[in-house]
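>>> Make a model of this:
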Amino acid sequence: MHRNGDDNVVQERVESLFVLLQRLEGLHVNLRAVLSDKLESMKKSDLAALHESVERERALTARINEQEGLRKQLMERIGRGYGLASQAARTLSAGRLAERLTEAHRGRLDAAASRLRAAVVEVAKINAMIGRVSSQVLKHLGALFGQIGGAEASPGAYSKSGRTVAGRPFELFEAVG
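Reported below is the predicted structural model:
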């Protein structure tokens with residue numbers, strides 16, 4: 001079954017993979033909650049809460065990236081036990097790995113991968129919503145700064161001689177002091 005390595009070592013690594021997948025799922029569930037808080041902060045224009053959410057998001061994504069790196073290393077080690085090249089093992093999908101496992105491990109891996117996939121999809125959905133909200137905020141800020149940066153020319157005025165003259169553009173800050 002295995003080209004090199006001991007079956008027990010591979011099974012221990014597969015067990016470690018289950019723990020790691022659970023950890024990744026938990027981190028994604030936590031990230032979903034933080035992103036919900038972030039969206040709520042955006043809706044309320046609560047900058048302090050928004051800043052806190054961004055910091056929590058940054059910390060969680062760093063941990064997720066770290067765990068993902070560990071997952072790739074673990075997949076490489078498991079793959080070596082099945083005679084796979086390092087790069088092929090690192091990118092091996094859960095489904096393809098499950099094909100090589102015993103029936104009991106196959107079911108557990110499929111279930112763990114499915115739960116993680118669902119958590120990742122939920123994070124992607126709320127991230128897309130945050131992206132749309134952010135885009136709208138930036139659009140409105142652009143319009144606001146366009147108004148502040150320079151208004152259109154003021155209406156015509158009369159000169160001392162009674163002739164109409166075009167007014168010059170004025171800045172909003174200039175108009176309100």
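>>> spatially speaking, which residue is in the middle of the protein?
Centroid-nearest residue in the chain: Asn127, 5.9 Å away (criterion: C-alpha atoms, centre = their mean).
>>> Just list the residues touching that one, thanks.
Remark: with contacts taken as C-beta atoms under 8 Å, 6 or more residues apart in numbering, Asn127 is in contact with Leu35. The way it works is simple: take the backbone N, C-alpha and C, and place the C-beta from them, glycine included.
>>> quick one: what helix or strand has it in it?
Remark: Asn127 resides in helix 103-149, with elements defined by DSSP states H and E.
>>> circling back to that earlier point, please tell me how far the residue nearest to the centre of the chain sits from Ala118.
In this structure, Asn127 and Ala118 are 15 Å apart, going by C-beta to C-beta, to the nearest Å.
>>> And for Arg32?
Taken as C-beta to C-beta, the span from Arg32 to Ala118 is 10 Å.
>>> Which of those two has more residues huddled nearby?
When Arg32 and Ala118 are compared on other C-beta atoms under 10 Å, the one with more neighbours turns out to be Arg32, at 20 against 13.
>>> The more buried one and Ala124, how far apart?
According to C-beta to C-beta, Arg32 and Ala124 sit 10 Å apart.
>>> same deal with Ser135?
Using C-beta to C-beta, one obtains 16 Å as the distance from Ser135 to Ala124.
>>> again with Arg56
18 Å.
>>> The two: who's more crowded?
Each of Arg56 and Ala124 has its neighbours counted (other C-beta under 10 Å); Arg56 has more, 17 against 12.
>>> Touching, the more buried one and Ala33? I think so.
No: the pair Arg56 and Ala33 does not pass the contact test of C-beta atoms under 8 Å, sitting 9.2 Å apart.
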